[in-house]
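Trainee: Sequence first, then the predicted structure:
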Amino acid sequence: MNRIENTKTYLGKELETIFFRPMLQGENAVDLGVRVLYNMPAPVTLHFWRRPDDVLHKYTAAGWKGSKAPERMRKNIELQRVKAEMGYSADEYFSLVYDSMTRAAIGSMEDLSGTVLEEAETALFREAIAESIRATMWLGKSDRESGLNTFDGFLHRVKSDIASQGIVAETYDTIDAATAETRLRTVWDNAPIVLKDLRSEGQLAFFVTTDVYNAYEESLETPSLEAAYLAKQTGHETLTYRGIPLVDLKITEHLVNHVDLGTSFILLTDRRNLALALSAGEFPGTEVRMWYNPDLMENRQRAVFMAGCDYLLPELISLAYTE
């Protein structure tokens with residue numbers, strides 16, 4: 001039986017450059033669709049300034065007529081200490097790593113050692129962590145007994161603050177092709193003016209569950225037009241409503257298992273208004289380790305770090321959801 005027995009441990013700078021940075025840069029960061037903050041001092045504190053509405057004054061005489069200083073607001077993103085652990089039987093682990101190397105077409109299959117093997121093992125674990133972070137970022141609820149409970153996600157935080165922060169929100173029962181456009185229009189119409197004014201900057205997005213995305217796509221194919229017919233044949237590369245892209249969060253499998261936050265939602269906001277914070281250097285014990293346990297003939301992987309997320313400004317949110 002083939003086995004992978006080399007121990008790999010990432011600490012300090014290696015932990016950042018080899019393991020976490022690749023998850024948070026380039027296409028991986030774009031896929032998350034939100035603002036990503038890495039290795040900032042805990043607790044992560046963001047500052048915002050509101051300028052006065054009008055800073056111009058009539059020039060009638062010398063002297064100071066300036067208005068009061070800009071209003072400063074703070075938002076803390078709570079970071080929670082989390083760990084990720086995975087275990088595989090030795091033969092299963094070897095097969096997974098071998099398949100990963102084959103798909104990537106890297107290295108020599110005759111020499112499962114050195115950096116090629118390390119890259120394949122690291123990528124396998126990194127992908128699992130990235131998906132868990134992405135799902136928890138949206139559906140996390142820390143008081144849940146099990147599953148996606150390491151830190152509170154965007155949806156739980158927004159819904160919890162609807163009353164206290166005056167967040168614009170409404171509920172709906174179901175969504176289909178006949179009602180999809182109406183749902184999106186209502187979310188847009190209800191949005192605060194300050195949020196609508198940001199459309200020209202190109203950072204607004206409708207973050208939606210897959211049922212909303214599919215219903216809206218079907219509604220676009222309903223008209224008896226050539227464009228609609230072609231769309232049925234070739235599909236839509238992207239969907240937009242009034243020039244604002246719809247982002248399919250692809251969390252249906254998680255929603256089925258965690259219905260306490262509802263099963264469908266539409267969240268309109270500026271991408272910069274949602275922040276995910278990760279830290280791998282703020283406390284002792286932070287590490288990523290992969291090793292072989294000969295007693296159980298099992299390969300194990302463990303990562304310890306800090307994570308958290310939050311929305312920033314309530315006036316930049318418009319929400320519709322099922323209860």
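Mentor: In hand now; what should we look at?

Trainee: what helix or strand is Ala42 on?
Mentor: Applying DSSP states H and E as the criterion places Ala42 outside every helix and strand.

Trainee: brain fart, Glu131
Mentor: helix 114-139.

Trainee: And the next helix or strand past that helix?
Mentor: With DSSP H and E, the next secondary element past helix 114-139 is helix 154-160.

Trainee: Give the buried residues for that following helix.
Mentor: Going by neighbour count (16 or more other CB atoms under 10 Å), the buried part of helix 154-160 is Phe154, Leu155, His156, Arg157, Val158, Lys159. Bear in mind the C-beta positions are built from the backbone N, C-alpha and C, glycine included.

Trainee: can you list those in TSV and add pLDDT and distance to Val82?
Mentor: Shown next, in TSV, are the buried residues of helix 154-160 (pLDDT from 0 to 100; distance: CB to CB, whole Å):
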residue	pLDDT	distance to Val82
Phe154	96	17
Leu155	96	18
His156	96	16
Arg157	96	17
Val158	97	21
Lys159	97	22
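
Trainee: Using TSV, lay out the residues you listed together with distance to Phe265.
Mentor: What follows is these, written out as TSV (distance: CB to CB, whole Å):
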residue	distance to Phe265
Phe154	10
Leu155	6
His156	11
Arg157	13
Val158	9
Lys159	9
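
Trainee: Closest one of these to His57?
Mentor: Taking CB to CB as the measure, His57 sits nearest to Val158 out of the buried residues of helix 154-160, at 39.1 Å.

Trainee: correct me, but that closest one touches Ala320?
Mentor: No. Val158 lies out of contact with Ala320 (CB atoms under 8 Å); the separation is 11.5 Å.

Trainee: overlap in contacts of the two?
Mentor: In the contact map built from CB atoms under 8 Å, 6 or more residues apart in numbering, the residues linked to both Val158 and Ala320 are Ala169.

Trainee: how about low-confidence regions in this protein?
Mentor: 1, 24-32, 51-52, 61, 66-68, 103-114, 223-236, 282 (pLDDT under 70).

Trainee: What segments of it are strands?
Mentor: 8-10, 35-38, 44-50, 71-77, 80-89, 168-171, 204-208, 240-241, 244-248, 265-270, 274-279, 287-293, 298-311, 317-321 (DSSP state E).

Trainee: Nearest to Phe125, out of these?
Mentor: strand 298-311 (4.7 Å).

Trainee: follow-up on the earlier one: kindly present the strands of the chain as CSV, with separate columns for distance to Met137.
Mentor: Putting these into CSV (distance: least, CB to CB, whole Å) gives the following:
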stretch, distance to Met137
strand 8-10, 22
strand 35-38, 10
strand 44-50, 14
strand 71-77, 12
strand 80-89, 12
strand 168-171, 19
strand 204-208, 11
strand 240-241, 23
strand 244-248, 13
strand 265-270, 12
strand 274-279, 6
strand 287-293, 20
strand 298-311, 5
strand 317-321, 16
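
Trainee: would JSON lines of the ones you listed with distance to Trp188 and mean neighbour count be doable?
Mentor: Below are the strands of the chain laid out as JSON lines (distance: least, CB to CB, whole Å; neighbours: other CB atoms under 10 Å):
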{"stretch": "strand 8-10", "distance to Trp188": "45", "mean neighbour count": "17"}
{"stretch": "strand 35-38", "distance to Trp188": "22", "mean neighbour count": "18"}
{"stretch": "strand 44-50", "distance to Trp188": "24", "mean neighbour count": "13"}
{"stretch": "strand 71-77", "distance to Trp188": "25", "mean neighbour count": "12"}
{"stretch": "strand 80-89", "distance to Trp188": "34", "mean neighbour count": "15"}
{"stretch": "strand 168-171", "distance to Trp188": "11", "mean neighbour count": "15"}
{"stretch": "strand 204-208", "distance to Trp188": "9", "mean neighbour count": "24"}
{"stretch": "strand 240-241", "distance to Trp188": "7", "mean neighbour count": "16"}
{"stretch": "strand 244-248", "distance to Trp188": "8", "mean neighbour count": "18"}
{"stretch": "strand 265-270", "distance to Trp188": "7", "mean neighbour count": "24"}
{"stretch": "strand 274-279", "distance to Trp188": "18", "mean neighbour count": "23"}
{"stretch": "strand 287-293", "distance to Trp188": "43", "mean neighbour count": "18"}
{"stretch": "strand 298-311", "distance to Trp188": "18", "mean neighbour count": "22"}
{"stretch": "strand 317-321", "distance to Trp188": "7", "mean neighbour count": "23"}
